[in-house]
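# sequence and computational prediction follow.
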Amino acid sequence: MLDLFLDDSHRALARSAQGWVDRHIAPHAAAWEEAGAFPRALHAEAAAAGLVGTVYPEPLGGQGGDVFHGLVVAEALIRGGSVGTAMGLGSHAIALPPILALGSPAQQARFVPPVLRGEQVACLAITEPGAGSDVAGIRTRAVRDGDHYVVHGAKTFITSGLRADLVVLAVRTGGDPDDPARRHEGVSLLVVERGTPGFTTGRALQKMGWWASDTAELFFEDCRVPAGNLLGGEGAGFLGIMANFVSERLLLAASAVATARLALDDTRAWLAQRRAFLRPLDGFQVLRHRLAEMATAEAAARAHVATVAERHRRGEDVTVEVAMAKNHAVQACAFVCDQAVQLHGGMGYMRESRVERLFRDQRLYGIGGGTTEVMNEVIWRRGLSST
């Protein structure tokens, strides 16, 4: 992030995080990507290094940092060269905020500390086979039965779904997804723990990118979840999910910028050492200018995301601005990664080349956390429409 918004604590954390990543992730990134997984023990190792609880309250085991502490850690993890590992390690970043926002003190004390210690893995499960960005369209249903909710339904594309010990699950306790007047009603959040009867996971989904992160299908059939695991009461889930989107989209935007910077750095190094026609590639003006265009796109997106993050830190409503920043970062990252492959020539098409992997990984930024089209609708409805 832009140094303008960072203090000494952010800079020290950035150095510490990058050093840990250079030792514990970067040497293994390619192997973990090819294997389709990273070691589960890495969660505890990252927690011990202070990279998991960065922005969470100290009474719950966190470090109490601000949004920029979280973003410098996110950038360091991306620079390890495996976006899948970074996203798998960071799945708690979208799972824990609803617990903090809606959960009781007892629920927070029960669910949050084990995750921040790296002893447990948490994930957020909203997307279904028939509902993604349209949260009000979910059909997984939870019916109260005494001291439990009985859950039926399925989720898909869930990051860390296979290894998660805690699933923050979006369910429908009321309303009607087919009724425009009532489809936003009755969306609730339940914490479902691993081993709960009726909760099973499906296959590991095969993805274009983010290979090292597990992405799963989750199934719930007569799954009895204690009523005490309901967050914030019935019907509180929709607003909780919407509020969580601001932080999630900001994190994805920052990750896109970090991915672009890594692709830019790799390309700059490649052009300096690769020779053609008896001189380095950066001896050709057209290639130097292409690199300048890549650097400009990355710098503009970085400034945009950092400015929105600062407004978020001040407590401003940045729903529209985050949507804009995410789209900007996604476009910049796509351009930089595409040009990185092009400027690497044949090597850019090889799986041994990191820019090949980054080119695939960046494609999800425009889908996850709300598609580019949904971001544009948010910008229109909340920022441009007069009705």
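Looks like it arrived, so ask away.
# and stretch 13-28, which residues are buried?
13-14, 16-18, 20-21, 24-25, 28 (16 or more other Cβ atoms under 10 Å). The C-beta positions use only the backbone N, C-alpha and C, and glycine is treated the same way.
# please apply the same query to stretch 111-125.
Neighbour-count burial for stretch 111-125 [16+ other Cβ under 10 Å]: 111-116, 118, 120-125.
# what are the contacting residues of that stretch?
Under the criterion Cβ atoms under 8 Å, 6 or more residues apart in numbering, residues 40, 43-48, 52-53, 56, 60-62, 91-92, 94-96, 98-100, 103, 155, 158-161, 163-170, 191, 218, 244 lie in contact with stretch 111-125.
# which other residues reach the helix or strand that contains Arg360?
Taking DSSP states H and E as the definition, one finds Arg360 inside helix 354-361. Applying Cβ under 8 Å, 6+ apart, the set of residues contacting helix 354-361 from outside is 30, 33, 81-84, 208-210, 259, 262-263, 266-267, 337-338, 340-341, 344, 348-351.
# show me just the buried residues among those residues.
Buried subset of the contacts of helix 354-361 (neighbour count, 16+ other Cβ under 10 Å): 30, 33, 81-84, 209-210, 259, 262-263, 266-267, 337-338, 340-341, 344, 348.
# pLDDT of the longest helix seen in the chain, averaged?
Looking across the chain with DSSP state H, the single longest helix is helix 237-273. Averaged across helix 237-273, the pLDDT comes to 94.
# over to stretch 82-91?
Per-residue pLDDT over stretch 82-91 has a mean of 96.
# run the chain-centre distance for it.
8 Å (Cα atoms, centre = their mean, to the nearest Å).
# which of the contacts of stretch 111-125 fall in strands?
Using DSSP state E, the subset of those located in strands is 155, 158-159, 166-170, 191, 218.
# where do the helices sit along the stretch 101-250 of the chain?
Under the criterion DSSP state H, counting those that start in this stretch, the stretch 101-250 of the chain contains helices at 105-116, 237-273.
# quick check, pLDDT for the spatially closest residue to Gly70 that is not a sequence neighbour.
Spatially, and ignoring its direct neighbours in sequence, Gly70 is nearest to Val55 (4.3 Å; Cβ to Cβ, 6 or more residues apart in numbering). pLDDT, Val55: 96.
# Val55 and Gly62 touch, don't they?
Yes. With contacts counted by Cβ atoms under 8 Å, Val55 reaches Gly62, the gap being 6.8 Å.
# picking up where we left off before, with distance to Arg290 and pLDDT added, can I get the buried residues of stretch 13-28 in CSV?
Formatted as CSV, these follow (distance: Cβ to Cβ, whole Å; pLDDT from 0 to 100):
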residue, distance to Arg290, pLDDT
Leu13, 34, 96
Ala14, 29, 96
Ser16, 34, 97
Ala17, 31, 97
Gln18, 27, 97
Trp20, 33, 98
Val21, 28, 98
His24, 34, 97
Ile25, 29, 98
His28, 32, 97
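# now, which of these sits nearest Leu77?
Distance to Leu77, by Cβ to Cβ, is smallest for Val21 among the buried residues of stretch 13-28, at 6.1 Å.
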